[in-house]
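[1] Any chance you could fold what I've pasted below:
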Amino acid sequence: MLKAIIFDFDGIIAHTEPIHLKAFQATLCDYDMEMTEEEYFEKYLAYDDKTFFRQLLQDREFKHDEPLRHEMMRVKSAHYDELISGNIELLPGARELIKSVGHKYPLAIGSGALGVEIRQILEHAGLESYFKVIVSADEVERSKPAPDVFIEALSRMNQAFPGSGILARNCLVIEDSVSGIEAALSSGMKCLAITNSYPADKLSQAHLIKDSLEGLGLGELEALF
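    As a prediction, the model looks like this:
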């Protein structure tokens, strides 16, 4: 049976993927590199910043070390802060679904975004109180498609809700990326995929695929279990 729901953040709750893309592009431009939107969505979506720069620089055969990667992460964060200012936007149906399911089930966020980015938007939207557990990129070793973020979210939910006995098979993950679906399945959880970032045929491994969170009913989620 369903006992808990774990939301991805970028591309599920917040319409921030285009902002992350622009921040990455601006950072790469500072280092005389380019990345197209198509390349981002094909290769790098769902990576946290650390994994993004490590993988992209490796793909580009760009000579780098850890201090350079950290500096690029700092620059990207500055670009993101500038771009997100005044541009916080929730995706359709996110607010309504969170409020609907949050009255019945423990909710968590398992995301490749930074914790400060997540909390800033949740606070702005008045939704922070619905999430007792937030696991961000800066709190796990490996990013999606590794299952670390969801396994950690499960552990923290059982700590936050003593006696609830939540197992991986009792969790529903809501995702928008191929890597996110893989991470959810690897952790033993069921997955609802939303086509906010990829077409349905790319998300076929999910247990359920929807075009939007808008109009999604709790009964449809519970039916998966």
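
[2] what comes up buried for the helix ranked longest in the chain?
    The residue-count maximum for a helix in the chain (DSSP state H) belongs to helix 66-84. For helix 66-84, burial by neighbour count (16 or more other CB atoms under 10 Å) applies to 69, 72-73, 75-77, 79-80, 83-84. C-betas here are computed from N, CA, C, even on glycine.

[3] What is the distance between it and the centre of its chain?
    Relative to its chain's centre, helix 66-84 lies at 18 Å (CA atoms, centre = their mean, to the nearest Å).

[4] ok, the residue lying farthest from the centre of the chain to Thr51 distance?
    Within the chain, Lys63 marks the point farthest from the mean C-alpha position, 29.0 Å out by CA atoms, centre = their mean. Taking CB to CB, to the nearest Å as the measure, Lys63 falls 19 Å from Thr51.

[5] ok so, going back, which among the buried residues of helix 66-84 gets closest to Ile151?
    Nearest to Ile151 among the buried residues of helix 66-84, counting by CB to CB, is Met73 at 23.9 Å.

[6] quick revisit: okay, and the residue farthest from the centre of the chain sits in which element?
    If you go by DSSP states H and E, Lys63 is not part of any helix or strand.

[7] And the pLDDT at it?
    The score at Lys63 is 87. That number is its pLDDT.

[8] same check, this time on Tyr198
    The model's pLDDT for Tyr198 equals 95.

[9] In contact with it: list those residues for me.
    By CB atoms under 8 Å, 6 or more residues apart in numbering, the contact set of Tyr198 is 41, 176-178.

[10] how does it look with 7 Å?
    177-178 (CB atoms under 7 Å, 6 or more residues apart in numbering).

[11] now do Lys63
    Contacts of Lys63 (CB under 7 Å, 6+ apart): none.

[12] let's number from 31 now, not from 1
    Let's use 31 as the start, then, which means that last one is Lys93.

[13] From Tyr77, how far out is it?
    According to CB to CB, Lys93 and Tyr77 sit 21 Å apart.

[14] same question, Phe83
    In this structure, Phe83 and Tyr77 are 9 Å apart, going by CB to CB.

[15] same deal with Asn200?
    Counting by CB to CB, the gap from Asn200 to Tyr77 is 28 Å.

[16] In terms of packing, which of those two has more residues around it?
    The neighbour comparison of Asn200 against Tyr77 (other CB atoms under 10 Å) goes to Tyr77, with 23 against 19.

[17] Now do that one, the pLDDT please.
    Looking at Tyr77, its pLDDT is 90.

[18] helix or strand for the residue lying closest to it once chain neighbours are set aside, which one?
    Computed as CB to CB, 6 or more residues apart in numbering, the closest residue to Tyr77 that is not its neighbour in sequence is Ser173, at 5.4 Å. Per DSSP H and E, Ser173 falls between elements, in no helix or strand.
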